[in-house]
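Chemist: build me a structure from this.
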Amino acid sequence: MKRTIVYQIPDSYIGHKLFEFLHAKGFSRQLLTAMRHTDDCIFLSNGQPVRMNMLIPGAISIKVIIPETESETDLIPADYPIEILFEDEDIMVVNKPAGLPIHPSRLHPDHSLANAIAYEYQSRQEPLVFRCVNRLDKDTSGLTILAKHPLSSAILYQMVKSRAIERTYFAIVDEAVADSGTIDQPISRRHADDIPNSIRRYIDPVGGANAVTHFHVITRANHLALLELHLETGRTHQIRVHMESIGFPLIGDRIYHPDNHMMERQALHAGRLDFIHPITGQPLHFDAPLPADMQVFFPDISIMQ
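Modeler: This next block holds a predicted model:
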């Protein structure tokens, strides 16, 4: 798919080069470089093609055709049911089920969200380049954003980097946890002596990367607490490591709470997303209800806003 976008260039850019305006609109240097080597991707309103080094003569209108690479050939389409909550020409928001990794692996080349999206696109007879913006652990359920072309991808990745995408998580722990709190503890991937290749993360005050998690209890029942969590940082396993560090690991977490078997996976759900649309600038809000394996502990609670 090739995405066409029309821009009205304001007077403030008169005398500047066109690529400066495009860079300010979120075009990455990599995308701008690709466009330099692509014929006829920028046009004036009269249809005349122009180069990116053109000096902007006035408050003009341009049409930009976003170049797209060919479809990925190493993705094996696989028929896994996926819930698409939103889709337009620029992005797709999916409610990922637990147990499905984002990307295929060497041992499981056809078992991932990428394979499921490849199947969806194959059924539409459309090419696909899989671009997942906010990745989730295999056994974490919930909302994730896919970018449908290089420009939306570049803008969304900058939004992730600047923490402009607000993600709200929900987790279940032992009810003795405090009503609310902030965990500010650095995290690193030091290898335990007895687990040389472990994916486990650790609190590391000396060499760890900064990590901050805020939580508060929504409700308590059945000797458990349902938490709402917000992250200031996005470290791997951050919520799981932080909650274990204060003595309240997530139920079902095989790595950080291996003796708890109340669930078949960690009780963690990415249930809410708030962000600005990368192309239209419109505010977007998405909710995904607690999945059945978490809802069973709190049958009368809804996290939907």
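Chemist: how about residue 142, what does it touch?
Modeler: Neighbouring residues of residue 142 by CB atoms under 8 Å, 6 or more residues apart in numbering: 95-96, 136, 169, 269-271, 288. Backbone N, C-alpha and C define where each C-beta goes, glycine included.
Chemist: please report the distance of it from residue 149.
Modeler: 24 Å (CB to CB, to the nearest Å).
Chemist: pull out the buried positions in stretch 253-263.
Modeler: Along stretch 253-263, these residues count as buried under the neighbour rule (16 or more other CB atoms under 10 Å): 253, 255-257, 260, 263.
Chemist: return the distance of that stretch from the chain's centre.
Modeler: Distance, stretch centre to chain centre, for stretch 253-263: 25 Å (CA atoms, centre = their mean, to the nearest Å).
Chemist: just stretch 150-170 next, same as before
Modeler: For stretch 150-170, the separation from the chain centroid amounts to 7 Å (computed by CA atoms, centre = their mean).
Chemist: buried residues, that stretch. List them.
Modeler: 150-157, 159-160, 165, 167-170.
Chemist: now stretch 8-23
Modeler: Buried-residue list, stretch 8-23, by 16+ other CB under 10 Å: 9, 13, 18-19, 21-22.
Chemist: what do you get for stretch 132-144?
Modeler: Counting neighbours by 16+ other CB under 10 Å, one finds that the buried residues in stretch 132-144 are 132-144.
Chemist: and if you look at stretch 223-238?
Modeler: In stretch 223-238, counting by 16+ other CB under 10 Å, buried: 224-229, 231, 235, 237-238.
Chemist: follow-up on the earlier one: the buried residues of stretch 253-263 into JSON lines, with extra columns for distance to residue 103, secondary structure and pLDDT?
Modeler: Converted to JSON lines, those look like this (distance: CB to CB, whole Å; DSSP: H, G, I helix; E, B strand; the rest coil; pLDDT from 0 to 100):
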{"residue": "253", "distance to residue 103": "21", "secondary structure": "coil", "pLDDT": "97"}
{"residue": "255", "distance to residue 103": "19", "secondary structure": "coil", "pLDDT": "94"}
{"residue": "256", "distance to residue 103": "23", "secondary structure": "coil", "pLDDT": "95"}
{"residue": "257", "distance to residue 103": "25", "secondary structure": "coil", "pLDDT": "96"}
{"residue": "260", "distance to residue 103": "28", "secondary structure": "coil", "pLDDT": "95"}
{"residue": "263", "distance to residue 103": "24", "secondary structure": "coil", "pLDDT": "97"}
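Chemist: just the closest of the residues you listed to residue 29, please.
Modeler: residue 255 (38.0 Å; CB to CB).
Chemist: all helices of this protein, in order?
Modeler: Taking DSSP state H, the helices of the chain run over residues 18-24, 29-36, 113-124, 150-161, 238-245, 292-295.
Chemist: how about residues contacting stretch 49-61?
Modeler: By CB under 8 Å, 6+ apart, the residues outside stretch 49-61 that reach it are 6-11, 13-19, 21-22, 32, 35-36, 39-40, 42-45, 62.
Chemist: recalculate using a threshold of 6 Å.
Modeler: The list of residues contacting stretch 49-61 from outside it, by CB atoms under 6 Å, 6 or more residues apart in numbering, reads 8-11, 13-14, 16-19, 40, 42-45.
Chemist: one more: stretch 110-124?
Modeler: Stretch 110-124 has contacts (CB under 6 Å, 6+ apart) with 75-80, 82, 96, 100-104, 128, 130.
Chemist: burial count for the closest residue to residue 190 other than its chain neighbours?
Modeler: In space, and not counting its chain neighbours, residue 190 is closest to residue 202: 5.1 Å by CB to CB, 6 or more residues apart in numbering. When neighbours are defined as other CB atoms under 10 Å, residue 202 has 19 of them.
Chemist: distance from the chain centre to the lowest-mean-pLDDT helix or strand in the chain, please.
Modeler: Lowest mean confidence among the helices and strands of the chain (mean pLDDT, DSSP states H and E): helix 29-36, at a mean of 88. How far helix 29-36 lies from its chain's middle: 23 Å, per CA atoms, centre = their mean.
Chemist: counting by contacts, list what that helix packs against.
Modeler: Using 3 or more CB pairs under 6 Å, 6 or more residues apart in numbering; DSSP states H and E as the contact test, no helix or strand touches helix 29-36.
Chemist: I'd like to check the angle between that helix and helix 150-161, please.
Modeler: Interaxial angle of helix 29-36 relative to helix 150-161 (axes from the mean of the first three to the mean of the last three CA atoms, to 10 degrees): 170 degrees.
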